[in-house]
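In: sequence and predicted structure are below.
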Amino acid sequence: MGSYSPNSDWTTHHPDTPVLSVIVSVDTINEQAPQCLDDILKVIGDSPCEVLVASREIWPDPPPELTVVSCASDSRGERYDRAAWRARGRILAFLDDGVCLPDGWPDRVIDFFDDPDVAIAGGPVLVRTRSRADRVGALLIDHHLGATRMGSVSSSARPQVVAELTESNVLIRKDVFRRVGGFRSPRTGGETMRLCHAVRSLLGCKVHYRPDLAVFGSLRSFPGPFLADVAAHGRARGETARVSLVAAARRFPTAQSATDGRASVDDLAPSVVAFAFPTLLVLLVFLEVVLAAPFTPFRHLRLAEYIGATLLLVLYLIQVGRVALARGAVRIEDRALAALCLPLASVTYLGAFALGFFDTR
(Lines give C-alpha, C1' and ligand atoms only; values in the text may rest on other atoms or scores of the structure.)
Protein backbone atom coordinates (compact mmCIF):
# COMPACT_ATOMS: atom_id res chain seq x y z
CA MET A 1 0.00 0.00 0.00
CA GLY A 2 1.26 3.49 -0.82
CA SER A 3 1.42 6.57 1.35
CA TYR A 4 -1.83 7.93 -0.07
CA SER A 5 -4.86 6.94 2.00
CA PRO A 6 -8.23 7.29 0.21
CA ASN A 7 -10.07 6.85 3.49
CA SER A 8 -8.08 9.60 5.23
CA ASP A 9 -8.62 11.85 2.24
CA TRP A 10 -12.36 11.12 2.37
CA THR A 11 -12.48 11.94 6.10
CA THR A 12 -10.60 15.20 5.54
CA HIS A 13 -12.96 16.44 2.83
CA HIS A 14 -16.13 14.93 4.35
CA PRO A 15 -15.69 15.29 8.13
CA ASP A 16 -19.37 14.66 8.87
CA THR A 17 -19.72 11.67 6.54
CA PRO A 18 -18.91 8.09 7.64
CA VAL A 19 -16.27 6.06 5.81
CA LEU A 20 -17.96 2.68 6.39
CA SER A 21 -21.67 1.92 6.08
CA VAL A 22 -22.64 -1.33 7.83
CA ILE A 23 -25.89 -2.69 6.35
CA VAL A 24 -27.53 -5.47 8.35
CA SER A 25 -30.30 -7.61 6.85
CA VAL A 26 -33.11 -8.30 9.33
CA ASP A 27 -35.99 -10.61 8.43
CA THR A 28 -38.03 -10.24 11.62
CA ILE A 29 -37.96 -7.60 14.33
CA ASN A 30 -37.85 -9.96 17.29
CA GLU A 31 -36.01 -9.96 20.59
CA GLN A 32 -32.71 -11.10 19.08
CA ALA A 33 -32.48 -8.42 16.36
CA PRO A 34 -32.15 -5.36 18.67
CA GLN A 35 -29.58 -7.19 20.80
CA CYS A 36 -27.50 -8.09 17.73
CA LEU A 37 -27.61 -4.51 16.45
CA ASP A 38 -26.72 -3.14 19.88
CA ASP A 39 -23.65 -5.41 19.96
CA ILE A 40 -22.62 -4.12 16.52
CA LEU A 41 -22.99 -0.51 17.69
CA LYS A 42 -20.80 -1.23 20.73
CA VAL A 43 -18.00 -2.65 18.56
CA ILE A 44 -18.20 0.28 16.13
CA GLY A 45 -17.92 2.80 18.96
CA ASP A 46 -16.27 6.00 17.73
CA SER A 47 -15.19 4.58 14.37
CA PRO A 48 -16.29 6.60 11.30
CA CYS A 49 -19.18 4.26 10.60
CA GLU A 50 -22.96 4.23 10.31
CA VAL A 51 -25.35 1.30 10.73
CA LEU A 52 -28.33 0.75 8.44
CA VAL A 53 -30.98 -1.95 8.87
CA ALA A 54 -32.38 -3.55 5.71
CA SER A 55 -35.59 -4.76 7.32
CA ARG A 56 -38.43 -6.77 5.81
CA GLU A 57 -40.76 -5.39 8.46
CA ILE A 58 -41.54 -1.85 9.59
CA TRP A 59 -39.75 -0.93 12.81
CA PRO A 60 -42.01 1.60 14.58
CA ASP A 61 -39.53 2.96 17.14
CA PRO A 62 -35.90 2.12 16.25
CA PRO A 63 -32.91 3.45 18.22
CA PRO A 64 -31.68 6.84 16.96
CA GLU A 65 -28.25 5.41 16.10
CA LEU A 66 -29.81 3.21 13.39
CA THR A 67 -31.16 4.06 9.96
CA VAL A 68 -33.96 1.61 9.13
CA VAL A 69 -34.87 1.01 5.48
CA SER A 70 -37.97 -1.19 5.21
CA CYS A 71 -38.66 -3.33 2.14
CA ALA A 72 -41.26 -6.11 2.04
CA SER A 73 -39.33 -8.20 -0.50
CA ASP A 74 -38.28 -11.74 0.48
CA SER A 75 -35.02 -11.24 -1.42
CA ARG A 76 -32.16 -10.07 0.75
CA GLY A 77 -30.53 -8.67 -2.38
CA GLU A 78 -33.41 -6.28 -3.03
CA ARG A 79 -33.43 -5.15 0.60
CA TYR A 80 -29.68 -4.61 0.49
CA ASP A 81 -30.02 -2.58 -2.73
CA ARG A 82 -32.68 -0.36 -1.19
CA ALA A 83 -30.58 0.31 1.91
CA ALA A 84 -27.38 0.85 -0.09
CA TRP A 85 -28.91 3.87 -1.82
CA ARG A 86 -29.38 5.46 1.62
CA ALA A 87 -25.79 4.72 2.70
CA ARG A 88 -23.39 7.65 2.96
CA GLY A 89 -20.10 5.78 3.45
CA ARG A 90 -17.62 5.07 0.66
CA ILE A 91 -17.36 1.43 1.80
CA LEU A 92 -20.40 -0.84 2.17
CA ALA A 93 -20.45 -3.83 4.52
CA PHE A 94 -23.32 -6.30 4.08
CA LEU A 95 -24.02 -8.50 7.11
CA ASP A 96 -26.82 -10.75 8.35
CA ASP A 97 -28.68 -10.41 11.61
CA GLY A 98 -27.17 -12.78 14.13
CA VAL A 99 -23.65 -11.75 13.11
CA CYS A 100 -21.32 -10.45 15.81
CA LEU A 101 -18.30 -8.27 15.08
CA PRO A 102 -14.98 -8.86 16.84
CA ASP A 103 -13.19 -5.93 18.45
CA GLY A 104 -11.33 -3.76 15.96
CA TRP A 105 -13.19 -5.14 12.93
CA PRO A 106 -14.33 -1.72 11.52
CA ASP A 107 -10.78 -0.32 11.70
CA ARG A 108 -9.33 -3.40 9.96
CA VAL A 109 -11.87 -3.05 7.15
CA ILE A 110 -11.09 0.64 6.68
CA ASP A 111 -7.34 0.00 6.74
CA PHE A 112 -7.58 -2.78 4.15
CA PHE A 113 -9.60 -0.58 1.79
CA ASP A 114 -6.89 2.08 2.01
CA ASP A 115 -5.40 0.17 -0.91
CA PRO A 116 -7.02 1.79 -3.98
CA ASP A 117 -6.75 -1.50 -5.88
CA VAL A 118 -9.16 -3.23 -3.48
CA ALA A 119 -12.73 -3.17 -4.83
CA ILE A 120 -14.44 -6.03 -3.01
CA ALA A 121 -13.41 -8.23 -0.10
CA GLY A 122 -14.74 -10.38 2.69
CA GLY A 123 -13.83 -12.82 5.39
CA PRO A 124 -15.11 -16.05 6.89
CA VAL A 125 -18.07 -16.45 9.19
CA LEU A 126 -16.89 -18.34 12.27
CA VAL A 127 -19.84 -20.44 13.35
CA ARG A 128 -20.93 -20.36 16.98
CA THR A 129 -22.07 -23.88 17.82
CA ARG A 130 -24.44 -23.99 20.76
CA SER A 131 -26.28 -27.24 19.99
CA ARG A 132 -25.75 -30.54 18.21
CA ALA A 133 -27.74 -29.27 15.23
CA ASP A 134 -25.33 -26.33 14.96
CA ARG A 135 -22.29 -28.60 15.16
CA VAL A 136 -23.62 -30.97 12.49
CA GLY A 137 -24.46 -28.06 10.21
CA ALA A 138 -21.00 -26.56 10.72
CA LEU A 139 -19.37 -29.86 9.76
CA LEU A 140 -21.45 -30.10 6.59
CA ILE A 141 -20.58 -26.54 5.58
CA ASP A 142 -16.87 -26.54 6.38
CA HIS A 143 -16.00 -30.01 5.13
CA HIS A 144 -18.60 -30.94 2.54
CA LEU A 145 -20.93 -28.42 0.98
CA GLY A 146 -19.55 -24.93 0.90
CA ALA A 147 -22.97 -24.44 -0.65
CA THR A 148 -24.88 -22.12 1.64
CA ARG A 149 -24.71 -18.38 2.09
CA MET A 150 -22.42 -18.88 5.10
CA GLY A 151 -20.23 -21.52 3.47
CA SER A 152 -19.59 -20.16 0.00
CA VAL A 153 -15.92 -20.02 0.90
CA SER A 154 -14.31 -22.61 3.15
CA SER A 155 -12.44 -21.21 6.11
CA SER A 156 -8.80 -20.57 5.28
CA ALA A 157 -5.88 -19.31 7.33
CA ARG A 158 -4.32 -17.32 4.50
CA PRO A 159 -5.41 -14.37 2.38
CA GLN A 160 -6.21 -15.26 -1.20
CA VAL A 161 -8.08 -14.21 -4.32
CA VAL A 162 -11.35 -16.14 -4.68
CA ALA A 163 -14.29 -16.37 -7.07
CA GLU A 164 -16.95 -15.54 -4.50
CA LEU A 165 -17.51 -14.69 -0.85
CA THR A 166 -19.76 -15.89 1.92
CA GLU A 167 -23.06 -14.04 1.80
CA SER A 168 -22.96 -12.95 5.44
CA ASN A 169 -19.76 -10.90 5.26
CA VAL A 170 -19.33 -8.83 2.08
CA LEU A 171 -17.36 -5.59 1.78
CA ILE A 172 -17.38 -3.46 -1.37
CA ARG A 173 -16.69 0.12 -2.42
CA LYS A 174 -19.91 2.03 -2.99
CA ASP A 175 -18.86 3.31 -6.42
CA VAL A 176 -18.06 -0.26 -7.53
CA PHE A 177 -21.37 -1.47 -6.13
CA ARG A 178 -23.29 1.13 -8.11
CA ARG A 179 -21.32 0.55 -11.31
CA VAL A 180 -22.45 -3.09 -11.42
CA GLY A 181 -26.02 -2.19 -10.46
CA GLY A 182 -26.01 -3.71 -6.98
CA PHE A 183 -27.17 -7.23 -6.19
CA ARG A 184 -30.12 -7.27 -8.59
CA SER A 185 -31.41 -10.53 -7.07
CA PRO A 186 -35.19 -10.97 -7.30
CA ARG A 187 -34.92 -14.41 -5.63
CA THR A 188 -33.47 -15.52 -2.34
CA GLY A 189 -30.10 -17.26 -2.51
CA GLY A 190 -26.90 -16.64 -4.44
CA GLU A 191 -26.96 -12.85 -4.06
CA THR A 192 -23.24 -12.51 -3.34
CA MET A 193 -22.33 -15.09 -5.97
CA ARG A 194 -23.99 -12.93 -8.64
CA LEU A 195 -22.42 -9.75 -7.26
CA CYS A 196 -18.90 -11.21 -7.26
CA HIS A 197 -19.40 -12.56 -10.78
CA ALA A 198 -20.53 -9.10 -11.98
CA VAL A 199 -17.56 -7.33 -10.34
CA ARG A 200 -15.10 -9.80 -11.89
CA SER A 201 -16.61 -9.94 -15.38
CA LEU A 202 -17.79 -6.33 -15.76
CA LEU A 203 -14.91 -4.49 -14.10
CA GLY A 204 -12.12 -7.06 -14.05
CA CYS A 205 -11.61 -6.59 -10.31
CA LYS A 206 -10.22 -9.20 -7.94
CA VAL A 207 -12.27 -10.62 -5.06
CA HIS A 208 -10.17 -10.68 -1.88
CA TYR A 209 -10.60 -13.17 0.96
CA ARG A 210 -9.13 -12.00 4.27
CA PRO A 211 -9.22 -14.20 7.40
CA ASP A 212 -8.55 -11.14 9.60
CA LEU A 213 -11.93 -9.73 8.51
CA ALA A 214 -13.82 -12.67 10.02
CA VAL A 215 -17.09 -12.24 11.89
CA PHE A 216 -19.02 -14.56 14.18
CA GLY A 217 -22.40 -15.93 13.17
CA SER A 218 -25.04 -18.56 13.80
CA LEU A 219 -26.28 -21.24 11.45
CA ARG A 220 -29.85 -21.82 10.44
CA SER A 221 -31.11 -24.72 12.48
CA PHE A 222 -30.69 -28.20 11.06
CA PRO A 223 -32.38 -29.86 9.25
CA GLY A 224 -35.35 -27.78 7.98
CA PRO A 225 -34.10 -24.16 7.68
CA PHE A 226 -30.57 -25.39 6.96
CA LEU A 227 -31.69 -27.52 4.00
CA ALA A 228 -33.89 -24.66 2.75
CA ASP A 229 -30.77 -22.49 2.71
CA VAL A 230 -28.87 -25.21 0.83
CA ALA A 231 -31.70 -25.48 -1.71
CA ALA A 232 -31.82 -21.71 -2.29
CA HIS A 233 -28.08 -21.56 -2.91
CA GLY A 234 -28.18 -24.65 -5.16
CA ARG A 235 -30.94 -23.16 -7.28
CA ALA A 236 -29.03 -19.89 -7.67
CA ARG A 237 -25.94 -21.79 -8.80
CA GLY A 238 -28.03 -23.75 -11.29
CA GLU A 239 -29.41 -20.56 -12.80
CA THR A 240 -25.92 -19.10 -13.08
CA ALA A 241 -24.65 -22.27 -14.73
CA ARG A 242 -27.43 -22.13 -17.35
CA VAL A 243 -26.77 -18.48 -18.16
CA SER A 244 -23.00 -19.02 -18.43
CA LEU A 245 -23.41 -22.12 -20.57
CA VAL A 246 -25.82 -20.45 -22.99
CA ALA A 247 -23.57 -17.40 -23.27
CA ALA A 248 -20.52 -19.54 -23.96
CA ALA A 249 -22.38 -21.62 -26.54
CA ARG A 250 -23.65 -18.57 -28.40
CA ARG A 251 -20.36 -16.68 -28.03
CA PHE A 252 -22.56 -13.86 -26.76
CA PRO A 253 -20.96 -11.83 -23.94
CA THR A 254 -22.96 -11.45 -20.76
CA ALA A 255 -20.66 -8.74 -19.53
CA GLN A 256 -18.01 -6.35 -20.73
CA SER A 257 -14.38 -6.89 -19.94
CA ALA A 258 -12.37 -4.18 -18.24
CA THR A 259 -9.70 -4.37 -20.96
CA ASP A 260 -11.26 -4.38 -24.40
CA GLY A 261 -14.94 -3.93 -23.55
CA ARG A 262 -15.86 -7.52 -24.35
CA ALA A 263 -16.14 -10.68 -22.27
CA SER A 264 -14.37 -13.57 -23.92
CA VAL A 265 -15.23 -17.23 -23.63
CA ASP A 266 -12.28 -17.55 -21.23
CA ASP A 267 -14.03 -15.12 -18.86
CA LEU A 268 -17.10 -17.35 -18.81
CA ALA A 269 -15.32 -20.70 -18.70
CA PRO A 270 -14.54 -20.75 -14.95
CA SER A 271 -18.24 -20.41 -14.13
CA VAL A 272 -19.16 -23.24 -16.50
CA VAL A 273 -16.44 -25.51 -15.11
CA ALA A 274 -17.33 -24.71 -11.50
CA PHE A 275 -21.01 -25.52 -12.01
CA ALA A 276 -20.72 -28.42 -14.49
CA PHE A 277 -19.88 -31.09 -11.92
CA PRO A 278 -23.19 -30.88 -10.01
CA THR A 279 -25.06 -31.19 -13.33
CA LEU A 280 -23.17 -34.35 -14.25
CA LEU A 281 -23.73 -35.76 -10.77
CA VAL A 282 -27.48 -35.13 -11.04
CA LEU A 283 -27.53 -37.00 -14.34
CA LEU A 284 -25.57 -39.89 -12.82
CA VAL A 285 -27.99 -40.20 -9.90
CA PHE A 286 -30.96 -40.05 -12.30
CA LEU A 287 -29.50 -42.79 -14.49
CA GLU A 288 -28.85 -44.96 -11.44
CA VAL A 289 -32.48 -44.61 -10.35
CA VAL A 290 -33.71 -45.51 -13.84
CA LEU A 291 -31.41 -48.54 -14.13
CA ALA A 292 -32.27 -49.80 -10.65
CA ALA A 293 -36.06 -49.44 -11.05
CA PRO A 294 -37.82 -52.84 -11.33
CA PHE A 295 -39.96 -51.74 -14.30
CA THR A 296 -37.11 -50.31 -16.40
CA PRO A 297 -36.54 -51.95 -19.83
CA PHE A 298 -32.77 -51.56 -19.37
CA ARG A 299 -32.25 -54.43 -16.93
CA HIS A 300 -29.56 -55.91 -19.16
CA LEU A 301 -27.31 -52.89 -18.47
CA ARG A 302 -26.14 -54.34 -15.18
CA LEU A 303 -22.52 -53.31 -15.76
CA ALA A 304 -23.46 -49.65 -16.20
CA GLU A 305 -25.56 -49.83 -13.05
CA TYR A 306 -22.69 -51.29 -11.04
CA ILE A 307 -20.20 -48.75 -12.38
CA GLY A 308 -22.50 -45.84 -11.52
CA ALA A 309 -23.20 -47.18 -8.05
CA THR A 310 -19.48 -47.64 -7.45
CA LEU A 311 -18.75 -44.05 -8.48
CA LEU A 312 -21.46 -42.72 -6.15
CA LEU A 313 -20.12 -44.87 -3.30
CA VAL A 314 -16.57 -43.62 -3.86
CA LEU A 315 -17.74 -39.99 -3.85
CA TYR A 316 -19.70 -40.60 -0.66
CA LEU A 317 -16.71 -42.23 1.07
CA ILE A 318 -14.48 -39.29 0.09
CA GLN A 319 -16.93 -36.88 1.69
CA VAL A 320 -17.28 -39.10 4.76
CA GLY A 321 -13.52 -39.05 5.15
CA ARG A 322 -13.45 -35.25 5.07
CA VAL A 323 -16.14 -35.07 7.74
CA ALA A 324 -14.78 -37.87 9.93
CA LEU A 325 -11.22 -36.52 9.87
CA ALA A 326 -12.14 -32.87 10.29
CA ARG A 327 -9.77 -30.89 12.48
CA GLY A 328 -10.88 -29.55 15.80
CA ALA A 329 -12.43 -30.84 18.98
CA VAL A 330 -15.57 -32.30 17.43
CA ARG A 331 -17.46 -35.09 19.16
CA ILE A 332 -17.49 -38.51 17.55
CA GLU A 333 -21.28 -38.70 17.59
CA ASP A 334 -21.48 -35.33 15.78
CA ARG A 335 -19.12 -36.60 13.08
CA ALA A 336 -21.16 -39.78 12.70
CA LEU A 337 -24.44 -37.89 12.44
CA ALA A 338 -22.98 -35.48 9.88
CA ALA A 339 -21.72 -38.43 7.82
CA LEU A 340 -25.21 -39.99 7.84
CA CYS A 341 -26.73 -36.66 6.74
CA LEU A 342 -24.38 -36.26 3.78
CA PRO A 343 -26.74 -37.90 1.24
CA LEU A 344 -29.67 -35.77 2.43
CA ALA A 345 -27.71 -32.54 2.05
CA SER A 346 -26.25 -33.61 -1.31
CA VAL A 347 -29.61 -34.63 -2.78
CA THR A 348 -31.15 -31.34 -1.61
CA TYR A 349 -28.40 -29.30 -3.23
CA LEU A 350 -28.30 -31.32 -6.46
CA GLY A 351 -32.08 -31.32 -6.83
CA ALA A 352 -32.26 -27.56 -6.36
CA PHE A 353 -29.33 -27.09 -8.77
CA ALA A 354 -31.15 -29.10 -11.45
CA LEU A 355 -34.35 -27.11 -10.84
CA GLY A 356 -32.49 -23.84 -11.29
CA PHE A 357 -30.61 -25.12 -14.34
CA PHE A 358 -33.67 -26.33 -16.26
CA ASP A 359 -36.20 -23.75 -15.06
CA THR A 360 -36.20 -21.01 -17.72
CA ARG A 361 -39.16 -19.02 -16.41
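Out: That came in fine, so what should we check first?
In: quick check: closest non-adjacent residue to A214.
Out: G123 (4.4 Å; Cβ to Cβ, 6 or more residues apart in numbering). Bear in mind the C-beta positions are built from the backbone N, C-alpha and C, glycine included.
In: just G181 next, same as before
Out: A198 (7.3 Å).
In: where in the stretch 101-250 of the chain is pLDDT low?
Out: 129-130, 142-157, 189, 219, 244, 247-250 (pLDDT under 70).
In: hey, where'd the strands end up in it?
Out: Counting by DSSP state E, counting those that start in this stretch, the stretch 101-250 of the chain has strands at residues 120-122, 125-127, 160-162, 169-173, 207-209, 215-217.
In: quick one: closest of the ones you listed to V69.
Out: For these, distance to V69 was read as Cβ to Cβ. The smallest value, 17.1 Å, belongs to strand 169-173.
In: which helices and strands does that closest one pack with?
Out: Using 3 or more Cβ pairs under 8 Å, 6 or more residues apart in numbering; DSSP states H and E, the elements in contact with strand 169-173 are strand 91-96, strand 120-122, helix 191-203.
In: any idea which helix or strand carries L355?
Out: Following DSSP states H and E, one finds L355 within helix 332-358.
In: tell me which other helices or strands that helix touches.
Out: Counting by 3+ Cβ pairs under 8 Å, 6+ apart, helix 332-358 packs on helix 132-140, helix 224-250, helix 265-292, helix 302-324.
In: end to end, how far does stretch 127-135 reach?
Out: 9 Å (Cα to Cα, to the nearest Å).
In: mind listing what's buried in it?
Out: Neighbour-count burial for stretch 127-135, counted by 16 or more other Cβ atoms under 10 Å, picks out 127, 129, 133-135.
In: quick revisit: possible to save the strands of the stretch 101-250 of the chain as CSV with distance to D107?
Out: Output for those, formatted as CSV (distance: least, Cβ to Cβ, whole Å):
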stretch, distance to D107
strand 120-122, 15
strand 125-127, 19
strand 160-162, 22
strand 169-173, 13
strand 207-209, 17
strand 215-217, 14
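In: looking at those, which is nearest to G224?
Out: For G224, the closest of these is strand 125-127, at 17.7 Å, according to Cβ to Cβ.
In: how far does the closest one sit from its chain's centre?
Out: Averaging C-alpha positions (Cα atoms, centre = their mean, to the nearest Å) puts strand 125-127 13 Å from its chain's average.
In: what packs against it?
Out: helix 132-140, strand 215-217.
In: ok, now with 7 Å
Out: For strand 125-127, the packing partners by 3 or more Cβ pairs under 7 Å, 6 or more residues apart in numbering; DSSP states H and E come out as strand 215-217.
In: show me what the strand it packs on is packed up against.
Out: Counting contacts by 3+ Cβ pairs under 7 Å, 6+ apart, strand 215-217 is packed against strand 125-127.
In: other residues contacting the strand it packs on?
Out: With contact meaning Cβ atoms under 7 Å, 6 or more residues apart in numbering, strand 125-127 is reached by 134, 138, 150, 166, 168-169, 214-217, 219.
In: tell me which residues in stretch 23-31 are buried?
Out: For stretch 23-31, a neighbour-count test (16+ other Cβ under 10 Å) marks 23-27, 29 as buried.
In: closest one of those residues to A236?
Out: Nearest to A236 among the buried residues of stretch 23-31 is S25, at 16.1 Å by Cβ to Cβ.
In: quickly note the distance from D212 to P102.
Out: For D212, the distance to P102 equals 9 Å [Cβ to Cβ, to the nearest Å].
In: one more: L140?
Out: The value you get for L140 to P102, if Cβ to Cβ is used, is 24 Å.
In: show me which of these two is the more surrounded one.
Out: Neighbours were counted for L140 and for P102 using other Cβ atoms under 10 Å; L140 has more, 28 against 13.
In: thought that one was touching A338?
Out: Yes: applying Cβ atoms under 7 Å, one finds L140 in contact with A338, separated by 5.7 Å.
In: how is the protein divided into domains?
Out: Structural domains annotated on the chain: 6-218, 235-358, as defined by automatic domain parsing.
In: most neighbours per residue, which of the ones you listed?
Out: Comparing the domains of the chain by mean neighbour count (mean count of other Cβ atoms under 10 Å), domain 6-218 comes out on top with a mean of 19.
In: chain center to it, what's the gap?
Out: 10 Å.
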